[in-house]
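Colleague: sharing a model that was predicted from the sequence below.
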Amino acid sequence: MSGPIEGDSICPLNSVSAYDYIQALHRLCLVQSGSDTAAESAAHDILSEAYKTADRDLASVDFNGLFRTAFQRRDSYAKISENKLTDWPRVLHSLPEPQRSTLTLFYLEILPLAFIAEIAGSSIEQLADTIREARSELARARQ
Amino acid sequence: MPSRLFPLIRPVYEDEPELELVSIEARNNAELNAALERQIAFDNEVIDQLRSLALSDAQIEKLENSLAEDGTQAAPPPIVPPPASVQIAAAIGSAAVAQTVTQPGPEPVASPKDKEKAEPDRKPEEEEEEEPRARPLTIFFAIGVGIIATICLVGYLVWDQMKSFQGADRITELLDSANGLTGDEFEAVQTNTDSLKDWFLLKNQHFIVPKEFASTRTIACRVFQFHNADVGQVMAKDNRELLYFLFDPADLGVKLKNGKWEVVEGERLVGGATVVEGTCFVVAFRGKHDDMQTYLAKKVTPANQ
């Protein structure tokens, strides 16, 4: 393996690198699961599936689609009694779904709002409502 | 009264078409702008902590390896972090606002310059990955060359074996044994080769000299032990100084066809060997393989072989 893969040479929709997408996917899975191990495993599975779908060509991977898959699997994690997240990530994890995943996607700042709305199955206005409610929940839960 | 989309306003999203007007409206209203700044500050705090959750290099490498294991045909390119302090806003098309949102971590995107740098790096890699497999014609050609080379090698070994004969090494030793002679070892016998039969008979030997050499004038003779075999040795002279060796071929393990001549080269002497009526006869002189071949060609007519 040789040569860095960066920027929109990999991800044609925008100029975010594959590295950024994978880090963001891991964050989403981590907030959803509350477990580093589960997040790593989930991120691997999602990326591996997309990689195979792209005929093992990293440049052809639908990186935005990774987040759609992660959003769809948001309830698939086993319940854990105690997570290792701290501070705001821990509070984010405590939110109910779909607020948790939707607000995390919003905070990742890696996808266009229209795409986040599409993933969440809502309009842009409904997305705004969800973000407002989730943000309020977040602030309350922190207090 | 803020717009319904007000909760979505973030610097990175402000250039998105859905938020463009809402954002301008909020920025132009002092009360809304203050609320927006508070919202942004709150979000920034959460986002900063969220960004601190990052896969380590080891975890990224592990992920790469697992992808490589999944894909047996081609390993994926490495997933490397882009240069730091670039704006994530570029990812979603808000270059202007992005200037205000410098990311703290190893986040986002590669700059156009970085992209240009990355491009030439990728080309050799792609070429390497897309290297065509050998065509069947090339494979057949390679196999053909291999077969021909093997045939040539076998042919050479057979030819090399054919041009030699059993006991050639022993005759080479015999030729080399004459290198240290002084002449004192010999008994003066001045006659012709044909008359040597009687002299050898007196020595209890029954050596036969080929008739082509019967008239050669002899100078001296002797019988000596060589590897427990009795060997007759004759110094002779025609138009050059010659040395003859005569022995029972079975005693030295020499196998030659009766009347067939073979040339053997020693360190200094070259010998022509043949077997006549149970005697191995070697004629030797200083020279090379070609000299002996020329000599024998003149001395021994084809009819005599």
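Modeller: Yep, that arrived.

Colleague: surely B:Gln233 forms part of a strand?
Modeller: Yes. Counting by DSSP: H, G, I helix; E, B strand; the rest coil, B:Gln233 falls inside a strand.

Colleague: helix/strand/coil for the closest residue in space to it that isn't next to it in sequence?
Modeller: Excluding the flanking residues, the one nearest B:Gln233 by Cβ to Cβ, 6 or more residues apart in numbering or on different chains is B:Arg222, at 5.3 Å. Any C-beta I mention is one placed from the backbone N, CA and C, and that applies to glycine too. Under three-state DSSP, B:Arg222 falls in the strand class.

Colleague: was I right to think B:Arg222 contacts B:Phe186?
Modeller: Yes. Under the criterion of Cβ atoms under 8 Å, B:Arg222 makes contact with B:Phe186 at 4.9 Å.

Colleague: tell me how far B:Phe285 lies from B:Val300.
Modeller: Taking Cβ to Cβ, to the nearest Å as the measure, B:Phe285 falls 15 Å from B:Val300.

Colleague: burial check on the closest residue in space to B:Glu16 that isn't next to it in sequence, number of neighbours?
Modeller: In space, and not counting its chain neighbours, B:Glu16 is closest to A:Leu113: 5.4 Å by Cβ to Cβ, 6+ apart. Look at A:Leu113: counted by other Cβ atoms under 10 Å in any protein chain shown, it has 23 neighbours.

Colleague: could you do B:Ala142 as well?
Modeller: Using other Cβ under 10 Å, the number of residues around B:Ala142 comes to 11.

Colleague: doesn't it belong to a strand?
Modeller: No. Counting by three-state DSSP, B:Ala142 is located in no strand; its state is helix.

Colleague: gap between it and B:Pro136?
Modeller: 11 Å.

Colleague: mind listing what the residue nearest to the spatial centre of chain A touches?
Modeller: The centroid of chain A falls nearest to A:Leu28 when counting by Cα atoms, centre = their mean (3.4 Å). Residues near A:Leu28 by Cβ atoms under 8 Å, 6 or more residues apart in numbering or on different chains: A:67, A:70-71, A:101, A:104-105, A:108.

Colleague: what residues are shared contacts of B:Arg222 and B:Phe186?
Modeller: Common contact partners of B:Arg222 and B:Phe186 (Cβ under 8 Å, 6+ apart): B:Gln233.

Colleague: run the chain-centre distance for the helix or strand harbouring B:Val22.
Modeller: Remark: B:Val22 resides in helix B:20-27, with elements defined by DSSP states H and E. Relative to its parent chain, helix B:20-27 has a centroid offset of 73 Å by Cα atoms, centre = their mean, to the nearest Å.

Colleague: for the closest residue in space to A:Arg74 that isn't next to it in sequence, give me the pLDDT.
Modeller: Once flanking residues are discounted, A:Arg74 sits nearest to A:Ser101: 4.6 Å by Cβ to Cβ, 6+ apart. Looking at A:Ser101, its pLDDT reads 94.

Colleague: could you verify that A:Ser101 is part of a helix?
Modeller: Yes. Assessed with three-state DSSP, A:Ser101 lies in a helix.

Colleague: quick check: it touching A:Ser76?
Modeller: No. With contact defined as Cβ under 8 Å, A:Ser101 does not reach A:Ser76; the gap is 11.7 Å.

Colleague: which one's more surrounded, those two?
Modeller: Neighbours around A:Ser101 and A:Ser76, counted as other Cβ under 10 Å, are more numerous at A:Ser101. The numbers are 26 against 11.

Colleague: where's the more buried one relative to B:Ile40, distance?
Modeller: A:Ser101 sits at a distance of 22 Å from B:Ile40 (criterion: Cβ to Cβ).

Colleague: so A:Ala38 is in which element?
Modeller: Assigned by DSSP H and E, A:Ala38 belongs to helix A:36-53.

Colleague: can you spell out which helices and strands pack onto that helix?
Modeller: Counting contacts by 3 or more Cβ pairs under 8 Å, 6 or more residues apart in numbering or on different chains; DSSP states H and E, helix A:36-53 is packed against helix A:18-33, helix A:63-72, helix B:57-70.

Colleague: for B:Leu252, find the nearest of these.
Modeller: For B:Leu252, the closest of those is helix B:57-70, at 68.3 Å, according to Cβ to Cβ.

Colleague: elements contacting that closest one?
Modeller: Packed against helix B:57-70 by the contact rule (3+ Cβ pairs under 8 Å, 6+ apart) you find helix A:18-33, helix A:36-53.

Colleague: okay, buried residues for that helix please.
Modeller: B:59-60, B:63-64, B:66-67 (16 or more other Cβ atoms under 10 Å in any protein chain shown).
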